[in-house]
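Student: sequence unknown, structure follows:
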Ligand SMILES: Nc1nc2c(ncn2[C@@H]2O[C@H](COP(=O)(O)OP(=O)(O)OP(=O)(O)O)[C@@H](O)[C@H]2O)c(=O)[nH]1
Ligand SMILES: [Mg+2]
C-alpha cells in the first residue's frame with residue numbers, strides 16, 4: 001500500500017485566505033484548460049443552491065464538464081439543472097427515478113468519468129459546504145497524488161465560525177476515528193466528499209465489490225483507493241454550513257454507515273480484503 005499524507009508541494013496550505021477567489025480568480029486560481037476534469041454534483045432538493053453554485057464553479061473551472069446527478073428531487077432541482085444545461089454545453093444531467101443514496105450517485109459520476117476517459121473526477125456537495133474556491137488547489141495536488149481530499153482536519157482547515165455544535169463535532173470526530181480504525185484509513189478527513197480522484201486509478205477499482213449505497217461510500221471508496229495503491233493527499237478547506245435547504249443525513253443513515261464500515265473492517269481482520277488492482281468491473 002502506498003499512502004502518503006500531507007499537502008501538495010507548492011500549494012499554500014492556508015488556501016487563498018479569506019478572499020473568495022470565485023469572485024475574480026487570477027489565472028493561477030483557475031483550473032488549467034488542458035486538464036480533462038469532470039466535476040460532479042449529487043443533488044437531492046438543492047433548488048436554492050444549484051444555480052449559484054454552478055456559477056461559482058464556472059469562475060474557477062471555466063472549461064470543466066459538470067455532471068449533475070439528480071434523484072428526481074421534489075423541489076424541482078432537476079428542472080433547474082436542465083435549464084442550466086441548455087445554456088452551457090459543458091453541463092450534463094443524469095436524472096434518476098428516485099432517491100437512491102449519495103454513494104450510488106457519486107459512483108454513477110465515477111463511472112461516467114471512466115467511460116469519458118477524463119483525467120480527474122472531482123466531487124463536491126451541492127449546498128456550498130464545500131466552497132468552490134478550493135477546486136484549483138485540489139486539482140493542482142494531483143501532480144503528486146492520486147486522490148486529493150479537501151480536508152477539515154489538517155492544519156489550516158476547519159469549520160467556518162463555530163457552526164458545528166458539540167454534538168456534531170463529536171459525531172464527525174467519532175466517525176473519523178471509527179473509519180480510520182476499522183478500515184485502516186490514513187487520511188485525517190475520511191468522511192467529507194470534497195475530493196479529486198485520478199480516473200485511471202478509479203478504473204482499477206472493482207465497483208461490484210462496493211457495499212455502500214449511502215454516506216459510508218466516502219470512507220469505503222477511500223479504502224478501495226488505498227487497496228489499489230493510491231497516493232492520498234489532503235489540502236485544507238474551511239467547511240461552511242449549507243446555504244439553503246436541509247440536510248439529508250438522518251440517524252438511520254448514520255447507523256447504516258457504521259454497520260457497513262464494521263462489516264468491511266471484519267473482512268479485513270479475516271483477511272478477505274487484500275490490496276488488489278482488478279480490472280474495472282462496473283455494476284449497472
Ligand atoms: N442524487 C442524490 N444526492 C444526494 C442524496 N442524498 C444526499 N445527496 C446530496 O449529497 C450532498 C450531501 O448531502 P447533505 O444532505 O448536504 O449531507 P451532509 O453534508 O452530511 O449534511 P449537512 O451538512 O447538514 O448539509 C448534497 O449535495 C445532497 O443534495 C441522494 O440520495 N441522491
Ligand atoms: Mg451538506
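Tutor: That came in fine, so what should we check first? The structure displayed is predicted, hence computed values, not measured ones. Ligands and ions are numbered 1, 2, ... in the order given.
Student: got the contact list for the most centrally placed residue in the chain?
Tutor: Centroid-nearest residue in the chain: residue 193, 3.0 Å away (criterion: C-alpha atoms, centre = their mean). The neighbours of residue 193, taking C-beta atoms under 8 Å, 6 or more residues apart in numbering as the test, are 102, 106, 123-125, 130, 218. No exception for glycine: its C-beta is placed from N, CA and C like everyone else's.
Student: Tell me the residue of this protein that sits nearest ligand 1?
Tutor: Using C-beta to the nearest ligand atom, residue 247 is the residue of the chain that sits closest to ligand 1, at 2.7 Å.
Student: Doesn't that residue lie inside a helix?
Tutor: No: looking at residue 247 with DSSP: H, G, I helix; E, B strand; the rest coil, it is coil, so not inside a helix.
Student: okay, now it: neighbour count?
Tutor: When neighbours are counted by other C-beta atoms under 10 Å, residue 247 registers 10.
Student: what do you get for the one 5 residues further on?
Tutor: The tally of other residues near residue 252 (other C-beta under 10 Å) stands at 9.
Student: okay, the contacts of residue 193 in a markdown table with secondary structure next?
Tutor: Below are those laid out as a markdown table (three-state DSSP):
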| residue | secondary structure |
| --- | --- |
| 102 | helix |
| 106 | helix |
| 123 | strand |
| 124 | coil |
| 125 | coil |
| 130 | coil |
| 218 | helix |
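Student: Let's have those residues in a markdown table, adding distance to ligand 1, neighbour count and pLDDT.
Tutor: Below are the contacts of residue 193 laid out as a markdown table (distance: C-beta to the nearest ligand atom, whole Å; neighbours: other C-beta atoms under 10 Å; pLDDT from 0 to 100):
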| residue | distance to ligand 1 | neighbour count | pLDDT |
| --- | --- | --- | --- |
| 102 | 4 | 25 | 95 |
| 106 | 8 | 23 | 98 |
| 123 | 9 | 28 | 98 |
| 124 | 8 | 26 | 98 |
| 125 | 4 | 19 | 98 |
| 130 | 9 | 24 | 98 |
| 218 | 9 | 24 | 97 |
